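Visitor: got a sequence here, can you model it:
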Amino acid sequence: MFATILIATVAASLQADTVLVPGVSLLGESIDPTTPIRERGEPTGLLGTERLPFNAYVSMPIPDSPTPGLPEHFVEVPTSAGFTWDELNRAMSSVEMEVYRGNLPGAAVAVGRWGTTVLERGIGTYDRTPLSPHVHPDHTIYDLASLTKVVATTTAVMLLVEDGMIDLDTPVSNYLPSFSSAPKSWVTIRHLLTHSSGLPAGTGTFPASRWASLQKILDMPLVTSPGERVVYSDLGFVILWLTAEAAYGGSLEQLLVDRVYHPLGMGATRFNPGPACTRCAPTDERDGYRGLVHDPIARNLGGIAGNAGLFSTAHDLSRFAAMLVNGGELNGVRVLQKSTIDLFTQRQPGADTRALGWDTPDDDGHGASGLSISRSAFGHTGFTGTSLWVDPDRGTWTVLLSNRTYGPRGRNPMRALRRELNDFVAVSVDRASFGR
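Guide: Residues are numbered from 1 along each chain as shown. Presented below is the predicted three-dimensional model:
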């Protein structure tokens, strides 16, 4: 009788306008939200079943939620998807340690395999102010920084390539006549995607107006010939966004909402959530960095730019990653063709580790991807302390979101932390496969 009531209560709460609050177990007991479930003495499934709803946290109303309700979703027991517990707990311990050291106020992590999520976890708090809320992987919205380049800009280009509205080897000037002076007239869409356009990484001071800033970027001279070498360029992705929008003839933001974010149930993913966003983790101790983009280029352009500006949650990005690893489809909803994903995630000749928009593992394992991830993996990182990596060989994906730029109190831990997370996840699947 008690089990039936408890299950009904949990099911009803998941359908309400709710968020699951760390600190209380399903049985009403006080818990330490930084302790892995396996170590709390709680059952590994809801009343012995094979599912953990939201890591078994109880739900409470959110009166200020900007979405009409949080999606119902479950976190599967890792062993059911071919993971081992030990390595996943070690992965989470790595994140917990950086929060404990004060290098991060908090973080949200999601891990899964194919369409199955096995871990969604919030660690620490939104910021370091008194009574700051605990991070929750579904509720806490983070500034994605350069993950915008792949979750927004590259994805929009992928859609437009499928629609026949963009050709990768067509000069940018065909779509954007204001970018036509030589040698810019030789720059193609592919050059922009691989950071080999010859544009510099960034720029100095900006004019006061958005339009004057855009004109300054469009007038920026190349520092190398197109295709000569790779220079990671925020400006290149600003130009790419403008080019894609010109080719589409409408708002790329709306295109992404209509064809990616809404179909996948990514209700928290958006540009410019605004300073009133109480769900947003601030990226700086100064005023004006909650719900407003941290990146200075995107900030000067009004918060919507090809290089940065998108905000999201770990849960939303878990659905995006699962869609990618499943060949462009999730839960019967097709967003992209598998052939398009394969095309855009392959390393390009003469572009170092760069694919089309995406990055790939470096050969020595010193980058963000780690040593154990497969060579076919692809991903990206963001300056605020974010990353998303997909390993199509193993079917795994990892999402790590944080606001490490908020009052940093020590070294920047992100490169090592991303490597550790990806390595532990890869080893977890390998050990489960070999029964070790």
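Visitor: and the nearest residue to Gly198 once chain neighbours are set aside, what does it touch?
Guide: Among residues not flanking Gly198 along the chain, Leu222 sits closest, at 3.6 Å (CB to CB, 6 or more residues apart in numbering). (C-beta placed from N, C-alpha, C; glycine too.) Going by CB atoms under 8 Å, 6 or more residues apart in numbering, Leu222 touches Pro183, Lys184, Val187, Ser197, Gly198, Leu199.
Visitor: can you rerun that using 10 Å?
Guide: Leu222 makes contact with Ser181, Ala182, Pro183, Lys184, Trp186, Val187, Ser197, Gly198, Leu199, Pro200, Glu228, Val231 under the criterion CB atoms under 10 Å, 6 or more residues apart in numbering.
Visitor: now which of the residues you listed would you call buried?
Guide: Lys184, Trp186, Val187, Ser197, Gly198, Leu199, Pro200, Val231 (16 or more other CB atoms under 10 Å).
Visitor: next, format the residues you listed as TSV and append secondary structure, pLDDT and distance to Glu285.
Guide: Formatted as TSV, these follow (DSSP: H, G, I helix; E, B strand; the rest coil; pLDDT from 0 to 100; distance: CB to CB, whole Å):
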residue	secondary structure	pLDDT	distance to Glu285
Lys184	helix	96	40
Trp186	helix	97	44
Val187	coil	98	39
Ser197	coil	98	35
Gly198	coil	97	37
Leu199	coil	97	32
Pro200	coil	96	30
Val231	coil	97	31
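Visitor: farthest pair in those residues?
Guide: Farthest apart among those by CB to CB are Trp186 and Pro200. That separation is 16.6 Å.
Visitor: and the gap between Leu356 and His134?
Guide: Distance, Leu356 to His134, by CB to CB, to the nearest Å: 38 Å.
Visitor: chain center to stretch 91-100, what's the gap?
Guide: 19 Å (CA atoms, centre = their mean, to the nearest Å).
Visitor: how about it: buried residues?
Guide: Ala91, Met92, Ser94, Val95, Glu96, Glu98, Val99.
Visitor: in a helix, the fifth one, correct?
Guide: So that's Glu96. Yes: assessed with DSSP: H, G, I helix; E, B strand; the rest coil, Glu96 lies in a helix.
Visitor: quick one, helices of the stretch 101-250 of the chain?
Guide: Using DSSP state H, counting those that start in this stretch, the helices of the stretch 101-250 of the chain run over 148, 155-162, 189-193, 210-218, 234-248.
Visitor: can you give me the buried ones in the fourth one?
Guide: So that's helix 210-218. By neighbour count on 16+ other CB under 10 Å, the buried set for helix 210-218 is Ser213, Leu214, Lys216, Ile217, Leu218.
Visitor: these two touch, right, the second one and Leu301?
Guide: Meaning Leu214. Yes: counting by CB atoms under 10 Å, Leu214 does reach Leu301; the two are 6.8 Å apart.
Visitor: quick one: which of Leu356 and His134 has more around it?
Guide: Higher neighbour count among Leu356 and His134: Leu356, with 24 against 18, using other CB atoms under 10 Å.
Visitor: residue contacts, that one?
Guide: Counting by CB under 10 Å, 6+ apart, the residues that Leu356 touches are 150, 154, 157-158, 161, 168, 189-190, 192-194, 340, 343-348, 378.
Visitor: Ile141: what's it in contact with?
Guide: Applying CB under 10 Å, 6+ apart to Ile141 gives the contacts 66, 108, 126, 268-270, 273, 277-281, 290-291, 311-314, 316, 401.
Visitor: if you set the cut-off to 8 Å instead, what comes out?
Guide: Ala268, Pro273, Cys277, Arg279, Cys280, Ala281, Gly291, Phe311, Ser312, Thr313.
Visitor: closest to Pro413 among the residues you listed?
Guide: Nearest to Pro413 among those, with distances taken as CB to CB, is Ala281, at 16.7 Å.
Visitor: so how far is Arg101 from that closest one?
Guide: Counting by CB to CB, the separation of Ala281 from Arg101 is 18 Å.
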